[in-house]
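J.: 3D, please:
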Amino acid sequence: MREVNCRSWKYKLGFSGSFLVDCRGRSEGLALLWQDSVFVTIKYYSNGHIDCLVQESEQEWRFTGFYGHPEVAMRHSSWELLHRLKDMTELREMPWIVGGDFNEICYDSEKLGGNRRAPSQMQSFREALEICELQDIHGKGELFTWVNRRDSSSIIFERLDRFVGNLKWRLLFPSAYVLSLEFYHSDHRPICMKLQGDSLQTSIKKGNRELKFRFEKGWLMVDECREVIERGWGNKDHYVPLLERIESCKNSLTNWDAARLRRIPKRLKSKHA
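T.: Coordinates of the predicted model:
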């Protein structure tokens with residue numbers, strides 16, 4: 001993002017403050033925008049992150065906008081950056097949340113289609129989050145935040161964008177959740193952090209109806225279903241909680257079924273022809 005574009009979006013979206021890290025190499029730049037209801041102090045930045053303090057009313061916390069290196073061979077540098085940010089002496093004890101495009105997934109269930117991710121890649125990402133004491137802020141809506149925009153036979157979905165926070169931040173905002181928005185002229189979904197809202201234990205409602213997960217018996221007649229369930233269940237690491245595996249399976253099946261439904265109009269058109 002160029003400075004002129006940043007200023008344009010700043011005014012169009014109604015923000016009063018902005019900070020820009022300009023384009024460099026394959027990076028398209030980073031921008032942080034904020035409204036005058038909060039006071040933002042920029043602490044550190046690079047072509048892979050913007051680190052700042054946020055003050056709102058009497059609350060103060062740390063936010064890091066993050067961009068994982070797009071090249072797999074250089075992804076380790078992104079995790080090393082996270083480690084360094086965690087060890088910043090003057091910020092170490094603060095409530096901390098990190099959000100953005102990490103360019104990596106944690107588990108097999110966070111990818112649908114294409115070749116399986118190398119286990120070592122996912123393990124390195126999980127270890128980086130564990131060392132930094134950062135955990136997923138769970139969300140509502142679609143699990144996958146990126147799509148390769150290919151035809152149905154070679155389409156790939158992945159969860160590359162997320163928010164993760166330390167325990168102090170999650171205690172500060174116990175009702176916070178992440179909302180996945182719709183694709184808009186991009187292969188990434190915007191993700192929106194809601195600081196206040198219903199508890200994640202509250203059912204998602206549409207009108208007066210509750211949207212509940214139901215396993216469809218017809219799925220068992222599709223050969224692909226077994227693979228989807230196995231991906232959702234994830235690896236065999238014993239430390240992954242059972243309820244987390246079940247939730248992952250639910251999300252994997254839900255998104256797989258949604259992708260199948262999106263292909264139906266094209267198949268009908270082909271059959272009519």
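
J.: Every contact and neighbour count from this point should use C-alpha atoms.
T.: Will do.

J.: Residue nearest the middle of the protein, spatially speaking?
T.: Taking CA atoms, centre = their mean, the centroid of the chain lies closest to residue 162, which sits 2.2 Å from it.

J.: I'd assumed residue 13 was in contact with residue 34.
T.: No - Residue 34 is beyond contact range of residue 13, at 10.0 Å (criterion: CA atoms under 8 Å).

J.: between the two, which one's more packed in?
T.: Counted by other CA atoms under 10 Å, residue 34 and residue 13 do not tie: residue 34 has more neighbours, with 17 against 11.

J.: show me the contacts for the more buried one.
T.: Going by CA atoms under 8 Å, 6 or more residues apart in numbering, residue 34 touches 15-18, 40.

J.: what's the answer for residue 57, then?
T.: Applying CA under 8 Å, 6+ apart, we find residue 57 in contact with residue 38.

J.: Need phi/psi at it.
T.: phi 60, psi -120 (degrees, to the nearest 10).

J.: What strand or helix carries residue 170?
T.: helix 167-172 (DSSP states H and E).

J.: so what strands line up beside the following helix or strand past that helix?
T.: Heading C-terminal from helix 167-172, the first helix or strand you meet, by DSSP H and E, is strand 177-180. Next to strand 177-180 in the sheet, as set by DSSP bridges, lie strand 139-140 (parallel), strand 191-194 (antiparallel).

J.: ranges for the helices of the protein?
T.: Using DSSP state H, the helices of the chain run over 3-12, 75-86, 119-131, 167-172, 224-233, 242-272.

J.: Reformat these as CSV; add mean neighbour count and mean pLDDT.
T.: What follows is the helices of the chain, written out as CSV (neighbours: other CA atoms under 10 Å; pLDDT from 0 to 100):
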stretch, mean neighbour count, mean pLDDT
helix 3-12, 13, 68
helix 75-86, 17, 96
helix 119-131, 15, 95
helix 167-172, 16, 92
helix 224-233, 18, 86
helix 242-272, 14, 75
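
J.: for those helices, which one sits closest to residue 59?
T.: Across these, residue 59 has its closest neighbour in helix 167-172 (8.6 Å, CA to CA).

J.: Quick one: list the elements packing against the closest one.
T.: For helix 167-172, the contact count by 3 or more CA pairs under 8 Å, 6 or more residues apart in numbering; DSSP states H and E identifies strand 96-101 as packing neighbours.

J.: about what we covered before: other residues contacting the helix holding residue 170?
T.: Helix 167-172 has contacts (CA under 8 Å, 6+ apart) with 61, 94-97, 133-134, 176.

J.: chain center to it: distance?
T.: Chain-centre distance of helix 167-172: 19 Å, with CA atoms, centre = their mean, to the nearest Å.

J.: mind exporting that helix as CSV, just the C-alpha atoms?
T.: The C-alpha coordinates for helix 167-172 follow below in CSV (Å, rounded to 0.1, in the frame of the first residue of the first chain):
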residue,chain,number,x,y,z
LEU,A,167,-4.1,-14.7,28.9
LYS,A,168,-4.1,-11.1,30.2
TRP,A,169,-5.8,-9.8,27.0
ARG,A,170,-8.4,-12.6,27.0
LEU,A,171,-9.3,-11.8,30.6
LEU,A,172,-9.5,-8.1,29.7
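
J.: got any ranges where the stretch 1-150 of the chain has weak pLDDT?
T.: 1-8, 24-28 (pLDDT under 70).
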